[in-house]
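[1] Predicted model follows, preceded by the sequence.
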Amino acid sequence: MIKTKLIPRTPSAYDPPLLIKSLLAQSLKYEPQREIVYRDLFRYNYVELNRRVRKLANMLTDIGVKPGDTVAVLDWDSHRYLECFYAIPAIGAILHTINIRLSPAQILYTMNHAEDKVVIVHEDFLPILDAIKDQLTTVEKYILVSDKVYQNEKPNPTTSISFVGEFEEMINHKSDQYEFPDFDENTWATTFYTTGTTGNPKGVYFSHRQLYLHTLAVLMEISGMDAQGRFRSSDVYMPITPMFHVHAWGVPFVATLLGTKQVYPGKYEPEMLLKLLIKEQVTFSHCVPTILQMLVSSPAVKNFDLSKWKVIIGGSALNKALAKAALDLGIDVFAGYGMSETCPVMAMTYLNSERMKLSKDEQVEYRVKAGVIAPFVEIRLMDENGHFLPHDGKTVGEIVARSPWMTQGYFKEPEKSEELWKHNWLHTGDIASVTPDNFIQIADRAKDVIKTGGEWVSSLEVENILTQVEGVAEAAVIGLPDDKWGERPHA
């Protein structure tokens, strides 16, 4: 960095830090009466959301949570999780969103590695904690979560864990008066763990400033420009991406900022998802392809009008067959691109006014691409020697990226952190081309490219072709050793 002249500061001037608490506060300005809905069990408005977040802050501080402590959450997608998104970081603590799909051994590793002090746990996950609790080295207190309280039933789980109380009952007895303090915007706000094919999960982490800026960038990405799939305050938002996974792609922060009605489905059950989708008139979601495939292939879905539903697909590639099936049902489907290390958004499909005039089949070609590079994100293609490659839509290389919100490393993993940030760019491990107009086309993961006859064959491209064959819903392609070709594709 060059040396520059900084602006003078008046001693009494207030320079507000970019903190998560201010994202929550905006919701009261615009649509305070809009609802947050949890399954068919509980609903309240943004006024009550703000009250409950302050009550939760009081509850946590009263049981001894201090700035810098880590509070872990094991819950389904819920209004409680949304409250934790705000209350835990806003008191200066760290929110650890535990991946419930990890093995018990991996969950044990992540909890010890993150140094969790307090655990908020839904009773459905008590068998996991029961099996590992004696090996947890830093946990001091547990808070029970139970949906039975919304049905006027008393929780009575079978467990050897001792709780300080049940979540709902505890916050009901707390004051809603809490003044969230100011502190450095680079304070650690959240952490979670990403898995690879080998080794232990790796901890990524994000500051208040990073989450704040990511929220504004996503807001601009999905709301600020005229294109397909726009997200407005008048939408009804239901995530079908777990809240433990990269903050549900950061969209709950955007929805709360806008005062959008939010619907949380709890455990993903096809009947409940469809019920909420129709009853609450959901218009905006995001999910992995498997979830969308499950919904569009359901015979029941043909009985409903889904023409107002906008869906971002991420996590793995959106294939053309699924995109066409969704479009045939009236669903405005399109792809996004990111990863845990990038918080996650790096790109999203952008169909401008000219592309929207294209036929459905022509639009599909754009909708299944990884998208246009997101605001404030730098993306380059790099070869194995650290040299940049042209964005000509043909040349392929590894995607490397930079933005103000990408994780600065892996927690307690200095060597892997340096590998991640080699050449001062975050290495994604994804092989792609980039067009001159900034569209990213993922070719493959670096480890999944099939090297055959001196050429690189994209497993994703072969999978895309196979799923267009009648009767093929999903496909997986790998490279197998071959004496003649080195490797050959195998489906």
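    The structure has been received and is ready for your questions.

[2] Break the chain into its domains for me.
    When the chain is parsed with automatic domain parsing, its domains come out as 20-206, 448-491.

[3] Dump those domains to a markdown table, plus mean pLDDT, distance to Val368 and mean neighbour count.
    Using the backbone N, CA and C atoms, a C-beta is placed for each residue, glycine as well. Putting the domains of the chain into a markdown table (pLDDT from 0 to 100; distance: least, Cβ to Cβ, whole Å; neighbours: other Cβ atoms under 10 Å) gives the following:
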| stretch | mean pLDDT | distance to Val368 | mean neighbour count |
| --- | --- | --- | --- |
| domain 20-206 | 97 | 24 | 18 |
| domain 448-491 | 67 | 8 | 15 |
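
[4] Export those as TSV, with columns for distance to Lys275.
    Below are those laid out as TSV (distance: least, Cβ to Cβ, whole Å):
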stretch	distance to Lys275
domain 20-206	7
domain 448-491	24
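
[5] Mind checking those domains for the one nearest to Cys343?
    domain 20-206 (5.9 Å; Cβ to Cβ).

[6] so which of the domains of the chain gets nearest Thr407?
    domain 20-206 (4.1 Å).

[7] can you tell me the distance between the two ends of the closest one?
    Terminal residues of domain 20-206 lie 11 Å apart, using Cα to Cα, to the nearest Å.

[8] Identify, by residue count, the longest helix of the chain.
    Determined from DSSP state H, the single longest helix within the chain is helix 46-62.

[9] Out of the domains of the chain, which is closest to Leu292?
    When the domains of the chain are compared by Cβ to Cβ, domain 448-491 sits nearest Leu292, at 11.3 Å.

[10] Could you report the separation of the residue most central in space within the chain from Met346?
    Nearest residue to the geometric centre of the chain (Cα atoms, centre = their mean): Trp249, 2.4 Å. Using Cβ to Cβ, to the nearest Å, one gets 11 Å for the distance from Trp249 to Met346.

[11] if we can go back for a sec, so what does the longest helix of the chain touch, helix or strand wise?
    If contacts are counted by 3 or more Cβ pairs under 8 Å, 6 or more residues apart in numbering; DSSP states H and E, helix 46-62 sits against helix 20-25, helix 27-30, helix 79-90, helix 167-172.

[12] Partner strands of the helix or strand following the shortest one, with direction?
    Secondary structure here is assigned by DSSP states H and E; on that basis, the next helix or strand after helix 27-30 toward the C-terminus is strand 35-38. Paired strands of strand 35-38, with direction, are strand 42-45 (antiparallel), strand 261-264 (parallel) (DSSP bridges).

[13] Redo those as JSON lines? Include distance to Leu322.
    Converted to JSON lines, the strands paired with strand 35-38 look like this (distance: least, Cβ to Cβ, whole Å):
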{"stretch": "strand 42-45", "distance to Leu322": "32"}
{"stretch": "strand 261-264", "distance to Leu322": "23"}
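
[14] Tell me what angle the longest helix of the chain forms with helix 79-90.
    With axes from the mean of the first three to the mean of the last three Cα atoms, to 10 degrees defining the directions, helix 46-62 sits at 60 degrees from helix 79-90.

[15] What are the contacting residues of helix 46-62?
    Helix 46-62 is contacted by residues 24-25, 27-28, 31-34, 36, 44, 71, 79, 82-84, 86-88, 90-91, 93, 118, 170-172, 174-178, 180, 256, 259 when judged by Cβ atoms under 8 Å, 6 or more residues apart in numbering.

[16] Kindly report the same for stretch 92-99.
    With contact meaning Cβ under 8 Å, 6+ apart, stretch 92-99 is reached by 60, 65-74, 84-85, 88-89, 106-107, 110-111, 114, 116, 181, 183, 187-193, 195, 201, 205, 242-245, 247.

[17] Restricted to helices, list those.
    The members of the contacts of stretch 92-99 that map onto helices under DSSP H are Leu60, Cys84, Phe85, Ile88, Pro89, Gln106, Ile107, Thr110, Met111, Ala114.

[18] before we move on, the earlier item: narrow the contacts of stretch 92-99 to those in strands?
    Counted as lying in strands by DSSP state E, out of the contacts of stretch 92-99, are 70-74, 116, 188-193, 205.

[19] Next, give me the two most distant ones among the residues you listed.
    Farthest apart among those by Cβ to Cβ are Leu74 and Trp188. That separation is 20.1 Å.

[20] how about low-confidence regions in the stretch 201-350 of the chain?
    Low-confidence regions of the stretch 201-350 of the chain, defined here as pLDDT under 70, do not occur.

[21] correct me, but Glu419 touches Leu426?
    No. Judged on Cβ atoms under 8 Å, Glu419 makes no contact with Leu426 at a distance of 10.6 Å.

[22] Alpha carbons only: can I get whichever helix or strand Val218 is part of in CSV?
    Per DSSP H and E: Val218 is located in helix 208-219. In CSV, the C-alpha atoms belonging to helix 208-219 read as follows (Å, rounded to 0.1, in the frame of the first residue of the first chain):
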residue,chain,number,x,y,z
HIS,A,208,-18.7,-7.9,11.4
ARG,A,209,-17.2,-5.7,8.7
GLN,A,210,-17.0,-8.6,6.2
LEU,A,211,-20.6,-9.7,6.9
TYR,A,212,-21.8,-6.1,6.6
LEU,A,213,-20.1,-5.6,3.3
HIS,A,214,-21.2,-9.0,1.9
THR,A,215,-24.8,-8.2,2.8
LEU,A,216,-24.6,-4.9,0.9
ALA,A,217,-23.0,-6.6,-2.1
VAL,A,218,-25.6,-9.4,-2.2
LEU,A,219,-28.4,-6.7,-1.9
